Structures are given as structure tokens and as C-alpha cells.
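Participant: sequence below, structure please.
(chains A and B)
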Amino acid sequence: MLEVNNLSAFYGSIEALRAIDLWARAGKITTIIGANGAGKTTLLRAISGLIPTRYGVIRYVGQDITNLEPYKIVKMGISHVPEGRQVFATMSVEENLELGAYLRTSRRRSREIRGDLDFVYDVFPVLGERKTQSAGTLSGGEQQMLAIGRALMSKPRLLLLDEPSMGLAPLVIKGIFTCLKRLHEEGLTILLVEQDAQIALSVSDYGYVMRAGKVRLEGEARELLQSEEIKRIYLGEEQPPEGGSDGV
Amino acid sequence: MGFNIIFNSTGIINFAQGEFCMFGGLFAFTFAVTLGLPLPIAILLAVAATALIGGLMERLMIYPLRNASVITAIIATVGASILFKSLGRLFWPKEAYKVPEFTAGNITIPGVTVSRQFIWVLGLTVVSVLLVYMFFNHTRAGKAMRACSINRQAASLVGINVSRMSLYSFVLAAALGGVAGLINAPYASYSIGLFLGIKGFTAAVVGGLGNTFGAVTGGLVLGLLEELIPGFLTVVLGVSTGYKDAVAAVLLIAVLLLRPQGLVGKGVVEKV
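Facilitator: A predicted model of the protein is given here:
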């Protein structure tokens, strides 16, 4: 569904992505793991058009989407849940969700959008209970749910998820991943970026390991979970070699 | 309010806002007096022409700077202000042009006599505030513009064309500025821009940047002080009333020093 070929991107003069090759297969959950600063977030931002790329091609269902403007990429069916949720804090929960359906908003489709709202409230009941509350007053976990719900409102076929577990309690993380599994079962393709390799690999079909802007390792999620190297570095059985310094 | 619309959707403080008012008044003169069009049509055309200038300014000046810092864009608006003023002087070289009043004469309510023009100013202000409020809270484009102001990146990720919203905000702000210019001044001149700009900016800052209702409150506070303080000075100290226009400047400095978030604002002020 999504194919990234030989992609490079820069932050100023720093090469943040180096010749990345990656596939996200339709109907699967693909995950990218790696330490802070490995380039995972940069990769998602490049896919959704938030930052320009220097070399390489990004293809989505066969079409070249490299360096398209973000709103065109959303229109094509890719929705990005950004790092740090980035909800519209001073707007209500429901306004946030309605803005998620921005590109589809019209009188003619208001019933359809109502139905999608109900679907989001069904997946995340707590959002329904708090729909008139302003988004900034939600807890971290609720904001993460809202960010995912908002992304779902554009009816994506591919969901890009950046660090959904960041800063959340283990129980909340578990809840969110259960919801992701449900969305996946309903046919959504997901490209997930996570630092928490254990939980990410346990829900995924395929995984990539990034370090210092490159893909170092890839394979079936099940196999990666068993891999000695992954266990050693990313599953916490040993401290990673100076966490921050191996990044960009 | 014009300041706020642009600030809200782009983070830019538009120093050419006063010149939008100038264009509103001068265009109204050209259409109503020089071309002799009926007043309502002349007013509509003047507002439309001012909105067009706002749109052109955004496309030719602000859009090319979209990847530059906000400060760069703000400095560009200072340039635009000087350019607009020079254009005004080029095409309307006289010191003052009298724009016809909407309906001449005064109305006497028991106790006070007010000019009919004042009723128009009040009425149009109320109507514009309500329209702007409705626009930002109940329309798709208005909500999208608010979303851009809260978080531009998230706005682009839900599919909002952020640069298009910036264009709309300039068009809308210019149109509002045009309305303000032509109802505010019975006389229009190329030089009123700076003067009205400072007052508008003061009103926006006093009310808290980015807050539409705050700006209206700020405008009222400013208007009252402008009348009261010189009156006070004259009566108590025997100083002339020539200081009226200094009130805005003093108030602006005082608010920026003592309460940079504005009297009703709660927004975060970023140090630059």
C-alpha cells in the first residue's frame, strides 16, 4: 500500500533520514521501532508531507506522493496521528473530531459524518462522555484517543501513528493498543512508530528497526520479538548503548 | 478585529491594517464622489476593492514568505504599509477627501443629540462583531481558520490548506478594515493609515491579541479614555486638548509593560 524507496531527508544540513526503504502492506500493521532520535518521527513527517525530502520516492497505492502538500495527502487517504497528540486544545472534543472530517464536510454528507462520529464514540466511549469538554482539559490518554479519533474522521485507508504510548500509564497504553487492534480488524492499514518495542511488535505483522536515520533490521514482528539483538537493545534486557547519543 | 483575524490564523501582526482603512475611505470617495455612484454601491465596491488589495498582499508578499519566520513576515507588513501609503499619496494627493455621510444630520434622543453617522458606526460595529463571531464558530472555513491559529501543523494534518486560510484571513481583515475606514472618517486621506493603525493595534493589544471580543472591549476603553483624559487635563490642569491622540500611544505602552496578555486576554505572550 505504501512504498518508500531510497528516501533521504535533511534537517538543515543534518541528514535525518538516510536511504530508507520501507513497505507498509495493505491490511497489516507495520511498526518502526528504535531509540529516540533514530529518525522514526522524521520518516512519518516526510510521508505526510510535513517536511520536504531530498532524494527518493514515496508511493501510495501506486501513485507518487513525494513532497505533495499535506492536505492533498490526507485527501488521498493517509491520516497522521502526530507525536504529542496535537489536539486543538481550546476547542471541544466534538469540534476536534468534526475538524478531522474537514475535507468531507458538506451538508450532503452530514449524516455520514454523524455516523463516523458515532463510530469513534463507540471505539472510545470516554470521548462521547466528554464531547463538549475542551480538548486541553483531557488527560494524556484521552487526548491520545482524541488524536486517533480525529485522524479516523477523515476515513483513512492508511493510519500513521507516532508514539501513541508516549507518557501514558501501562494500563492506558494497553487500552489504546486494544483499540488499534480492533481498527485493524475492521480493515485499516497501520504504520506505527514506537519506542516501546515490546508492545509495538506484539500487535504488529512486520517490523523495522531504525537507528541513526537508517533501517538496521527488518523482519516478521514475531521473529523480531525473538531476535537476540532486539531483545538485548530494545526490549530492556540490557540498557541501550547511551540512548540519546546514537541518534541524529 | 482585523488585526486579530490575521493574527489568529497566521500569527502575523499586520502593520498595514491601518492602510486597509485608508483604502476603504479613499475608494469610497472615488466611487461615490468622483464616479458619482449611489452610496450603497460605492460602499460595497470600496470594501470589495480593499479586500482585493488584502488578497493581493497575501499572495504577493506573505505567501512567498510562508517558510520564513513570522518576524520576517511582520517586517514585510511594515513595508506593505509604507507602500500602500505611497500609493495612496500618488492616486489621492490631496490632504483630505470628504466621504459623504451615510445619512446626514443628527438624531435627538431625549437628553443627547448624536449624529446619524454615529448610529451607523455603532450598528455596523455590532453587525460586524456578530458576523465575525458566527463565521469563526459556525462555519467550516471559520473553524478551519481557528484550527490554523491553534496548531498549524495539526490543521494541515486534518486536511486544511493552511496557506489558503492565510489568504482568506487577509481578505477578511482587509474587508473589515475597509468598512472601518469608510464609516470611521468623514474625511479620508492617504495619511490616516498609521493613525488608525495605531488605534486599532492598541485596541487589539488592550483587549488581548487574538481575542475578537477583547478587541471590541479594548476599542471601547480606548475611545472612552480618549475623550475623558483630555477633558480631565483641560478642566483640572488647564492643558489643551491637543493630546487626545497621544492617549492611544500611552495606553499601548502601559498595557504592554504591565499586562502584555491584554485586559481580558489569557493567551500566552511569546517574547520576541
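
Participant: how about the strands in the stretch 151-272 of chain B?
Facilitator: B:187-188 (DSSP state E, counting those that start in this stretch).

Participant: residues of it that sit close to chain A?
Facilitator: B:Asn151, B:Gln153, B:Ala154, B:Ala155, B:Ser156, B:Leu157, B:Val158, B:Gly159, B:Ile160, B:Asn161, B:Val162 (CB under 8 Å from any CB of the partner chain). Just so you know, the C-beta spots here come from the backbone N, C-alpha and C atoms, and that holds for glycine as well.

Participant: ok, so of those residues, who is nearest A:Glu94?
Facilitator: The nearest member of these to A:Glu94, counting by CB to CB, is B:Val158 at 14.0 Å.

Participant: list the residues that contact the closest one.
Facilitator: A:Val74, A:Leu99, A:Gly100, A:Tyr102, A:Leu103, A:Arg150, A:Ala151, A:Met153, A:Ser154, B:Ala147 (CB atoms under 8 Å, 6 or more residues apart in numbering or on different chains).

Participant: what's the closest of those to A:Ala19?
Facilitator: Using CB to CB, the contacts of B:Val158 come closest to A:Ala19 at A:Val74, 26.8 Å.

Participant: what is the burial count for the closest one?
Facilitator: The tally of other residues near A:Val74 (other CB atoms under 10 Å in any protein chain shown) stands at 25.

Participant: correct me if wrong: it contacts B:Leu157.
Facilitator: Yes. A:Val74 lies in contact with B:Leu157 (CB atoms under 8 Å); the separation is 6.9 Å.

Participant: any common contacting residues for the two?
Facilitator: Common neighbours of A:Val74 and B:Leu157 (CB under 8 Å, 6+ apart) are A:Ser48, A:His80.

Participant: how near is the closest residue to B:Glu226 other than its chain neighbours to chain A?
Facilitator: Once flanking residues are discounted, B:Glu226 sits nearest to B:Val247: 4.7 Å by CB to CB, 6 or more residues apart in numbering or on different chains. Distance from B:Val247 to chain A, counting by CB to the nearest CB, to the nearest Å: 32 Å.

Participant: hang on, the earlier thing: now rank the contacts of B:Val158 by neighbours and give me the top one.
Facilitator: A:Gly100 (32 neighbours).

Participant: thought A:Ile148 was touching that residue, still the case?
Facilitator: No. Using CB under 8 Å, A:Gly100 makes no contact with A:Ile148, being 9.8 Å away.

Participant: pLDDT below threshold where in chain A?
Facilitator: A:234-248 (pLDDT under 70).

Participant: just the strands in it please.
Facilitator: A:2-11, A:14-24, A:29-33, A:55-60, A:63-64, A:78-81, A:158-162, A:189-194, A:206-211, A:214-220 (DSSP state E).

Participant: and of those, who's closest to chain B?
Facilitator: Among these, strand A:78-81 comes nearest to chain B, with 5.0 Å by CB to the nearest CB.

Participant: what's the neighbour count on the closest residue to chain A within the stretch 101-250 of chain B?
Facilitator: Taking CB to the nearest CB, chain A has its nearest neighbour within the stretch 101-250 of chain B at B:Gly159, 3.7 Å off. Residues near B:Gly159, counting by other CB under 10 Å, number 23.

Participant: ok, it to B:Gly11 distance?
Facilitator: B:Gly159 is 20 Å from B:Gly11, where distance means CB to CB, to the nearest Å.

Participant: ok, residue 179 - contacts?
Facilitator: Here I'm looking at chain A. Shown in contact with A:Cys179 (CB under 8 Å, 6+ apart): A:Val123, A:Phe124, A:Met145, A:Ile148.

Participant: actually it's chain B I care about, not the one you picked
Facilitator: B:Val179 sits in contact with B:Gly24, B:Val47, B:Leu124, B:Ser128, where contact means CB under 8 Å, 6+ apart.

Participant: perfect, that will be all.
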